[in-house]
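*Asks:* whatever this is, show me its structure:
(chains A, B, C and D)
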There are 2 protein chains.
Amino acid sequence: MRAYWSEDVESVSLNEICRRAELSKPGLYREFGNEDGLTKAVLVTYRKQFLAPVYQMIAAGAPFRETLDSLVSIVTRNGSAPMLNDDQEVPNGCLLVKMREAYRHLGEETRKEADHAKEKALTVYEDWVERAKAAGEFGEMSSRFAAIYIDAQLNNALSLLARGEPSDEVKKILTVAFSMLG
Amino acid sequence: MRAYWSEDVESVSLNEICRRAELSKPGLYREFGNEDGLTKAVLVTYRKQFLAPVYQMIAAGAPFRETLDSLVSIVTRNGSAPMLNDDQEVPNGCLLVKMREAYRHLGEETRKEADHAKEKALTVYEDWVERAKAAGEFGEMSSRFAAIYIDAQLNNALSLLARGEPSDEVKKILTVAFSMLG
DNA sequence: AAATTAAAATACCGACTGGTACTTAATTTA
DNA sequence: TAAATTAAGTACCAGTCGGTATTTTAATTT
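*Replies:* Predicted coordinates for the structure are as follows:
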């Protein structure tokens, strides 16, 4: 997961993964079947471990602006609080965004998982906007499009971060892009 | 250029290019030296042929909003007017954006060219915003940051298009993202 | 027409890719 | 304890990558 997350997904080979994880190639194949199985398993783990808590925060019911600010802070965090198993800092960016950038290079199972993960994010955003509308905190923009817009802006920010853009600049971009929401 | 533009830059091999262009590999190496030389030459050609006219349009001096609308229309055009040498439609997206997405896989010369092309775009946007400010058409946002924001939004839109997102949806995203400018 | 030079193509190089037969070591069952 | 089963590892497969040495063809010059 760390290899796929901190480098380009399509440029980390199975050989290299075996080397770093100090495991034999047949061992990897016994566990995951093929490359598609590995990348899918990685994406599922990532979703449960890193995406689910964010979605929980969004669904927690804080005021719209407050939740939006939290989201911006989480996204533009500079490899800080969360830890991977072996106490290494998490890389910048988002593994799901990276996987979707490399969509054409993914296997079938991993693509399905990536599609599902994206749709999950969209419905979480959509429900959030719906609740904000019910509370009179959001304008007349269609909830579905609002979700698409929020997703597009977050993905763009995460891409910029993964490419090494300074996080305060990315934060300013996100702030402007979200300034007309609510 | 068409191969790099319509597919992922890093997944088109020199062998494949020779196959499609019906030229021998030593012939390609005689002309461009190495892969870096080829990708750089492609990017230079792209800049002169497709980017320069857009920059000219921006510098032409139309009102800010009018220029911005033209820019959005150009970006979200669906493989329409412009043609490549052999009368094939141009692919969606932007080759410069694709090259920058694949930055880690580029050679040194191509990286320099891509950096230069990005800085060129930023100064074009910055000058444009400066002129708009002088004409009272733009608020108090710093010109440099406005340029960075415009660039980020255009790049994001072009990435979405290259990934096959419908152009009317991308247009709506751009419209919202630019709604607070001016 | 013969000799020289330049262009082009065939055929190859070592390195690496995803994936697997086959052999060896450890564990479980009889 | 001996036999059967499972796990793990070595060493390999064909295919492709970027890049070249070498040979063949074509165009010049003498």
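*Asks:* list the contacts of the residue of chain A found nearest DNA strand C.
*Replies:* Proximity of chain A to DNA strand C (C-beta to the nearest atom of the strand) peaks at A:Ser13, 3.1 Å away. Using the backbone N, CA and C atoms, a C-beta is placed for each residue, glycine as well. Under the criterion of C-beta atoms under 8 Å, 6 or more residues apart in numbering or on different chains, A:Ser13 has no neighbours.
*Asks:* average model confidence for stretch A:114-132?
*Replies:* Mean per-residue pLDDT for stretch A:114-132: 98.
*Asks:* hmm, it touching chain B?
*Replies:* No. Interface with chain B: stretch A:114-132 contributes nothing (C-beta under 8 Å from any C-beta of the partner chain), its closest point being 11.5 Å away.
*Asks:* could I have the CA atoms of that stretch written out in PDB?
*Replies:* C-alpha atoms of stretch A:114-132 as PDB (Å, rounded to 0.1, in the frame of the first residue of the first chain):
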ATOM      1  CA  ALA A 114     -12.200   2.000  -7.900                       C
ATOM      2  CA  ASP A 115     -15.500   2.700  -9.600                       C
ATOM      3  CA  HIS A 116     -17.400   1.600  -6.500                       C
ATOM      4  CA  ALA A 117     -15.200   3.700  -4.200                       C
ATOM      5  CA  LYS A 118     -15.800   6.800  -6.300                       C
ATOM      6  CA  GLU A 119     -19.600   6.200  -6.400                       C
ATOM      7  CA  LYS A 120     -19.400   5.800  -2.600                       C
ATOM      8  CA  ALA A 121     -17.700   9.100  -2.200                       C
ATOM      9  CA  LEU A 122     -20.200  10.800  -4.400                       C
ATOM     10  CA  THR A 123     -23.200   9.500  -2.500                       C
ATOM     11  CA  VAL A 124     -21.600  10.600   0.800                       C
ATOM     12  CA  TYR A 125     -21.100  14.100  -0.500                       C
ATOM     13  CA  GLU A 126     -24.600  14.100  -2.000                       C
ATOM     14  CA  ASP A 127     -26.200  13.100   1.300                       C
ATOM     15  CA  TRP A 128     -24.200  15.700   3.100                       C
ATOM     16  CA  VAL A 129     -25.400  18.400   0.700                       C
ATOM     17  CA  GLU A 130     -29.000  17.200   1.100                       C
ATOM     18  CA  ARG A 131     -28.800  17.500   4.800                       C
ATOM     19  CA  ALA A 132     -27.300  21.000   4.500                       C
END
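*Asks:* checking the residue located most distally from the centre of chain A next. Helix, strand or coil?
*Replies:* Distance from the C-alpha centroid of chain A, by C-alpha atoms, centre = their mean, peaks at A:Pro26 (30.2 Å). Using DSSP: H, G, I helix; E, B strand; the rest coil, the secondary structure recorded for A:Pro26 is helix.
*Asks:* how close does A:Leu38 get to A:Ala177?
*Replies:* Here A:Leu38 is placed at a distance of 35 Å from A:Ala177 (C-beta to C-beta, to the nearest Å).
*Asks:* so the two - more neighbours on which side?
*Replies:* Legend: neighbour count by other C-beta atoms under 10 Å in any protein chain shown for A:Leu38 and A:Ala177, higher for A:Ala177 (26 against 19).
*Asks:* buried ones in the longest helix along chain A?
*Replies:* Using DSSP state H to define each element, chain A has its longest helix at helix A:108-134. Of all the residues in helix A:108-134, those buried under the rule 16 or more other C-beta atoms under 10 Å in any protein chain shown are A:109-111, A:113-114, A:117, A:121, A:124-126, A:128-129, A:131-133.
*Asks:* and chain A, which residues reach DNA strand D?
*Replies:* Residues of chain A lying close to DNA strand D by C-beta under 7 Å from any atom of the strand are A:23-27, A:30.
*Asks:* only the buried residues of stretch A:93-111, if you could.
*Replies:* Across stretch A:93-111, burial judged by 16+ other C-beta under 10 Å covers A:93-102, A:105-106, A:109-111.
*Asks:* any part of that stretch near DNA strand C?
*Replies:* No. Judged by C-beta under 7 Å from any atom of the strand, stretch A:93-111 makes no contact with DNA strand C; its nearest approach is 7.6 Å.
*Asks:* mean confidence score for that stretch?
*Replies:* Here stretch A:93-111 scores 96 as its mean pLDDT.
*Asks:* that one near chain B anywhere?
*Replies:* Yes. Using C-beta under 8 Å from any C-beta, stretch A:93-111 comes into contact with chain B via A:100-101, A:103-105.
*Asks:* put together a markdown table for the residues you listed, with secondary structure on each row.
*Replies:* Listed next are the residues of stretch A:93-111 next to chain B as a markdown table, based on three-state DSSP:
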| residue | secondary structure |
| --- | --- |
| A:Arg100 | helix |
| A:Glu101 | helix |
| A:Tyr103 | helix |
| A:Arg104 | helix |
| A:His105 | helix |
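*Asks:* of the residues you listed, closest to chain B?
*Replies:* A:Arg104 (6.0 Å; C-beta to the nearest C-beta).
*Asks:* what's near enough to touch the closest residue to A:Leu154 other than its chain neighbours?
*Replies:* Spatially, and ignoring its direct neighbours in sequence, A:Leu154 is nearest to A:Val75 (5.9 Å; C-beta to C-beta, 6 or more residues apart in numbering or on different chains). Counting by C-beta under 8 Å, 6+ apart, A:Val75 makes contact with A:94, A:154, A:157-158, A:161, A:170, A:174.
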